[in-house]
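Colleague: here's my sequence, what's the structure:
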Amino acid sequence: MSLPGSMEFLPHGTEHAFVALADCRVLQLTNPAGFDTFVAEAGRRPDGPGVPPPEPADPERLTEIARRHGIVISGPPLTL
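Modeller: Numbering: from 1, shown residues only. Here you go, the predicted structure:
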């Protein structure tokens, strides 16, 4: 669990997961570059100003996009 103002470091290849338990702001730095292209393909642009409303994830679609970007999704989606 991360607290406000904390930092996490994950070496390349570390299997991990992330669940937001409340509204939060996250700054992610990824090296080497490339994760941004996965996020751009997996996400969608808003229809107007602001952030689009949340919608259910499509695990099959995300798994295929991840594969194209060299990312492995292991296991089912996380639940609380």
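
Colleague: I65: neighbour count?
Modeller: 19 (other CB atoms under 10 Å). For glycine as for every other residue, the C-beta is placed from the backbone atoms N, C-alpha and C.

Colleague: what's the distance between it and F18?
Modeller: Distance of I65 to F18, given as CB to CB, to the nearest Å: 17 Å.

Colleague: so how far is M7 from P54?
Modeller: Taken as CB to CB, the span from P54 to M7 is 26 Å.

Colleague: just the pLDDT at L80, thanks.
Modeller: Predicted confidence (pLDDT) for L80: 64.

Colleague: contacts for the longest helix seen in the chain, please.
Modeller: When the chain is parsed with DSSP state H, its longest helix is helix 59-68. Here helix 59-68 makes contact (CB atoms under 8 Å, 6 or more residues apart in numbering) with 38, 41-42, 72-73, 76-77.

Colleague: closest to L29 out of these?
Modeller: Closest to L29 out of these is F38 (15.0 Å), distances taken as CB to CB.

Colleague: how many residues are close by that closest one?
Modeller: Residues within reach of F38, counting by other CB under 10 Å, total 17.

Colleague: give the contact list for the residue lying closest to it once chain neighbours are set aside.
Modeller: Nearest non-adjacent residue to F38, counting by CB to CB, 6 or more residues apart in numbering: H69, 4.1 Å away. H69 makes contact with 34-35, 37-38, 41, according to CB under 8 Å, 6+ apart.

Colleague: S2 too?
Modeller: Going by CB under 8 Å, 6+ apart, S2 touches E8.

Colleague: tell me, what's the model's pLDDT at the residue of the chain positioned farthest from its centre?
Modeller: Going by CA atoms, centre = their mean, the residue of the chain most distant from its centre is G48, 22.3 Å out. Here the pLDDT value assigned to G48 is 89.

Colleague: quick one: residues contacting it.
Modeller: Contacts of G48 by CB under 8 Å, 6+ apart: none found.

Colleague: can you map out the helices along the protein?
Modeller: In order along the chain, the chain carries the following helices (DSSP H): 35-42, 59-68.

Colleague: report the mean confidence score over stretch 33-42.
Modeller: The model assigns stretch 33-42 a mean pLDDT of 91.
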